[in-house]
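J.: Got a sequence here, can you build the structure:
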Amino acid sequence: MPAQIIFLHGPSSSGKSTLARALQAEIELPFWHVSFDALRDTGVLPMARFEAGDFRWRTARAGVFAGFHNSLGAYAAAGNNLILEHILDTRGWAEDLHRLFAPYDVLFVGLHCPLALLEAREAARGDRPAGSARADFESVHHGRRYDLELDSEDGVEANVSRVLAIWRSGQRISEFAQ
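T.: Here you go, the predicted model:
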């Protein structure tokens, strides 16, 4: 059976990680929880050296994300189901992932969150550039076509139930639908 991908898309600090962990705990098949944040935060990438100025993030960014995206395709090609949390905030990324994910069942979920809450979470976390939540809020959902749209204020339990219901139904209408 081809891999299945649940793609959680929404602004920074909208609750994608929390939703992904809750889904992984409830879903009846094994799913990997994959995010760029995991690469950044676990030391896979030399972020301290980028931040110190030893390396230039602007120079490395395109290759880093190309590698990340290709790794997602490789995980799926090996038969691994994925819960992906990601933000399509750079030109060409959506097209790359459409191509990489074409052989797979992709449930594309848009996660919305009020701006005031995003900004409060961004300030509390302190690990995002100031203003990134607002920038994401104003742009990430534009032009996207989802299988399901959720509001983070509805609560994790309710949103997990909604994702599982649509995932189990097999109904796909998003831009990733085959």
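J.: and V34, how far is that from H86?
T.: Spatial separation of V34 from H86 under the definition CB to CB, to the nearest Å is 8 Å. Heads up, the C-betas are built off the backbone N, CA and C, glycines and all.
J.: got it, and G43?
T.: Following CB to CB, the distance that separates G43 from H86 is 20 Å.
J.: who's more crowded, the two?
T.: Neighbour comparison, G43 and H86: the larger count goes to H86, with 20 against 9 (by other CB atoms under 10 Å).
J.: That one is in contact with I6, isn't it?
T.: No - no contact is recorded between H86 and I6 when judged using CB atoms under 8 Å, the distance being 11.3 Å.
J.: count of neighbours near A25?
T.: By other CB under 10 Å, the residues close to A25 number 9.
J.: Repeat that for L72.
T.: 24.
J.: Over to Q4?
T.: Residues contacting Q4 under the criterion other CB under 10 Å number 18.
J.: if I pick it, what's in contact with it?
T.: Contacts for Q4 (CB atoms under 8 Å, 6 or more residues apart in numbering) come out as L29, F31, N81, L82, Y104, D105, V106, L107, W167.
J.: Got phi/psi on it?
T.: Comment: the main-chain dihedrals of Q4 come out as phi -120, psi 140, following degrees, to the nearest 10.
J.: Over to V106?
T.: The phi and psi torsions at V106 (degrees, to the nearest 10) take the values phi -110, psi 120.
J.: try N70
T.: The phi and psi torsions at N70 (degrees, to the nearest 10) take the values phi -60, psi -30.
J.: which one is it nearest to, not counting chain neighbours?
T.: Spatial nearest neighbour of N70, chain neighbours left out: L100 (7.1 Å); criterion: CB to CB, 6 or more residues apart in numbering.
J.: pretty sure the one you found is in a helix, no?
T.: Yes - when classified by DSSP: H, G, I helix; E, B strand; the rest coil, L100 is found to be part of a helix.
J.: List the contacts of it.
T.: By CB under 8 Å, 6+ apart, the contact list for L100 reads H69, N70, L72, G73, A76.
J.: same thing with A66?
T.: Applying CB under 8 Å, 6+ apart, one finds that A66 lies in contact with D96.
J.: Check which residues of the helix or strand encompassing it are buried.
T.: Taking DSSP states H and E as the criterion, the element that holds A66 is helix 57-77. Neighbour counts over helix 57-77 (16 or more other CB atoms under 10 Å) mark V64, F65, F68, H69, L72, G73, Y75, A76 as buried.
J.: Which residues are in contact with V44?
T.: Neighbouring residues of V44 by CB under 8 Å, 6+ apart: A38.
J.: no wait, E122
T.: Contact analysis of E122 by CB under 8 Å, 6+ apart lists S12, S13, R128, A130, S132, A133.
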